[in-house]
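Visitor: Got a predicted model here, sequence first, then my questions.
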Amino acid sequence: MAGIKRTTQKVFYYARNVMRDIAPQALFRRRLADRLEQARLSDEAVRRRLNDYNKLQDAFVPGPDAVRIDKMPFEPSMYYYDLKEFARYFDPSLLLDVEFGDVIGVPKVPTLVKDRPIHTDNGNAVILKFNKFRHFYMPADAVAFADKLPVVIWRGDLNNPIRTRFLDAARDLPFCDVGSHKRSAPAEYSKPFLSIRQHLRYRYIVSLEGNDVATNLKWIMNSNSLCLMPPPTYETWFAESRLEANVHYVPLDPDFADLGEKVRYFERHPAQAERIVAAANAYCRTFSNERDEQAVSLLVLYKYFVLSGQIEPDRQLWHFIEG
């Protein structure tokens, strides 16, 4: 359940974006050259991230279902606003192929998406920071690892076999408090709802992919709790493919038989747990630089429009993109 602070943030999110839509859009388009010039002066990390999210290298033609910027679908509204935040700087007649929601495959034509599978040829899936209000909510955690309860915690929807398999392996272990808070959950898996703040009282939080990526991964890694999870198979703007096992998180076997062993190890070696927590926190700070976030977002779209033949590239900017 959303608290007052989170509800207020949501209201502000919508109010800000509605005001952007009401404002004359030409005002944004006049600023595009300056915004792109600022982006060109960014560091190598921005260029690397741009080309990770947008792996396209060859020219292409937008697909038959491509939509104009000024005709983009409004639902789901958060996806619309997250795309429009940066697309509004470009000519409204430019065409985009876009797929909102959870994406489990790779589109046949270059398409803007929230997520894509990792272990495949995924170049046609161009990642943007979609649904960021939900996925990039990373509240501060003031409780030190040593001061947390030595318990494994997990709550979630049983929307894939991995989560059910995890509960079967962990629900009867004395150091685990795991289950589903959904009304549809079978009685043997049912547990009461816990807020993010309540999760953060525990040392070990499990992250499990659902329809695609695990929504809780970002706030776990931003906390002082230790993230335990199987290696990710999907990635978003959070670049899950760049996460390193035993550096940013503790890997779990597919059958979760190693869960007890991993917990016992870190209970005996808390300094090792705190080292992983610190590395995870540092990784999350990558996404806290708003200037870089905006530069990467604009450049992802710019590269898409250039390679689709809709914009003539600026020589200096294209040199920066190509490195």
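Guide: That came through, no problem.
Visitor: buried stuff in the longest strand seen in the chain?
Guide: Criterion DSSP state E: the longest strand present in the chain is strand 149-155. Using 16 or more other C-beta atoms under 10 Å as the test for burial, strand 149-155 gives 151-155. The C-beta positions use only the backbone N, C-alpha and C, and glycine is treated the same way.
Visitor: Likewise for stretch 173-188?
Guide: Under the neighbour-count criterion of 16+ other C-beta under 10 Å, stretch 173-188 has 175-180, 185 buried.
Visitor: Save the residues you listed as a markdown table, and put in pLDDT and secondary structure too.
Guide: Converted to a markdown table, these look like this (pLDDT from 0 to 100; DSSP: H, G, I helix; E, B strand; the rest coil):
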| residue | pLDDT | secondary structure |
| --- | --- | --- |
| 175 | 97 | coil |
| 176 | 98 | strand |
| 177 | 98 | strand |
| 178 | 98 | strand |
| 179 | 98 | strand |
| 180 | 97 | strand |
| 185 | 95 | coil |
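Visitor: Closest one to residue 232 out of those residues, please.
Guide: Residue 232 lies nearest to residue 178 out of these, by C-beta to C-beta, at 19.3 Å.
Visitor: Pretty sure the closest one sits against residue 167.
Guide: Yes. The pair residue 178 / residue 167 is scored as a contact, 5.9 Å apart, by C-beta atoms under 8 Å.
Visitor: related to what we said a few turns ago, out of the buried residues of strand 149-155, who's nearest residue 95?
Guide: Proximity of the buried residues of strand 149-155 to residue 95 (C-beta to C-beta) peaks at residue 155, which lies at 41.5 Å.
Visitor: Is the closest one in contact with residue 193, as I believe?
Guide: Yes. Counting by C-beta under 8 Å, residue 155 does reach residue 193; the two are 6.9 Å apart.
Visitor: residues shared between the contacts of those two?
Guide: Shared contacts of residue 155 and residue 193 (C-beta atoms under 8 Å, 6 or more residues apart in numbering): residue 181.
Visitor: I'd like to check which residues are in contact with residue 68.
Guide: 92-96.
Visitor: The same query, at a cut-off of 7 Å, please.
Guide: Residue 68 makes contact with 92-95, according to C-beta atoms under 7 Å, 6 or more residues apart in numbering.
Visitor: Of these - the most surrounded one?
Guide: Using other C-beta atoms under 10 Å as the neighbour criterion, residue 94 leads those with 19 neighbours.
Visitor: all strands in this structure, in order from the N-terminus.
Guide: Counting by DSSP E, the chain has these strands, from start to end: 67-68, 95-96, 111-113, 116-117, 125-127, 149-155, 176-179, 202-206, 226-229, 234-235, 250-251.
Visitor: Farthest-apart pair in the buried residues of strand 149-155, please.
Guide: Using C-beta to C-beta, the two most remote members of the buried residues of strand 149-155 are 151 and 155, lying 12.8 Å apart.
Visitor: now the helices: where do they sit in the stretch 101-250 of the chain?
Guide: Along the stretch 101-250 of the chain, counting by DSSP state H, counting those that start in this stretch, helices occupy 132-135, 161-170, 196-199, 217-221.
Visitor: Just the buried residues of the first one, please?
Guide: Along helix 132-135, these residues count as buried under the neighbour rule (16+ other C-beta under 10 Å): 132, 135.
Visitor: quick one: pLDDT of the nearest residue to residue 251 once chain neighbours are set aside?
Guide: Residue nearest to residue 251 in three dimensions, not counting chain neighbours: residue 245, with 4.0 Å by C-beta to C-beta, 6 or more residues apart in numbering. On pLDDT, residue 245 comes in at 98.
Visitor: Out of the buried residues of stretch 173-188, which comes closest to residue 74?
Guide: Nearest to residue 74 among the buried residues of stretch 173-188, with distances taken as C-beta to C-beta, is residue 180, at 31.9 Å.
Visitor: which strand residues sit across from the closest one in the sheet?
Guide: According to DSSP bridges, residue 190 are recorded as the beta-bridge partners of residue 180.
Visitor: and it, how far is that from residue 189?
Guide: For residue 180, the distance to residue 189 (C-beta to C-beta, to the nearest Å) stands at 5 Å.
Visitor: so what sits against both of those two?
Guide: Each of residue 158 lies in contact with both residue 180 and residue 189 under the rule C-beta under 7 Å, 6+ apart.
Visitor: ok so, going back, quick check, nearest of the buried residues of stretch 173-188 to residue 268?
Guide: residue 175 (13.5 Å).
Visitor: tell me the contacts of that closest one?
Guide: Counting by C-beta under 7 Å, 6+ apart, residue 175 makes contact with 150-152, 263.
Visitor: about what we covered before: so can I have a markdown table of the contacts of residue 68 showing pLDDT and distance to residue 221?
Guide: Listed next are those as a markdown table, based on pLDDT from 0 to 100; distance: C-beta to C-beta, whole Å:
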| residue | pLDDT | distance to residue 221 |
| --- | --- | --- |
| 92 | 97 | 37 |
| 93 | 98 | 40 |
| 94 | 98 | 35 |
| 95 | 98 | 36 |
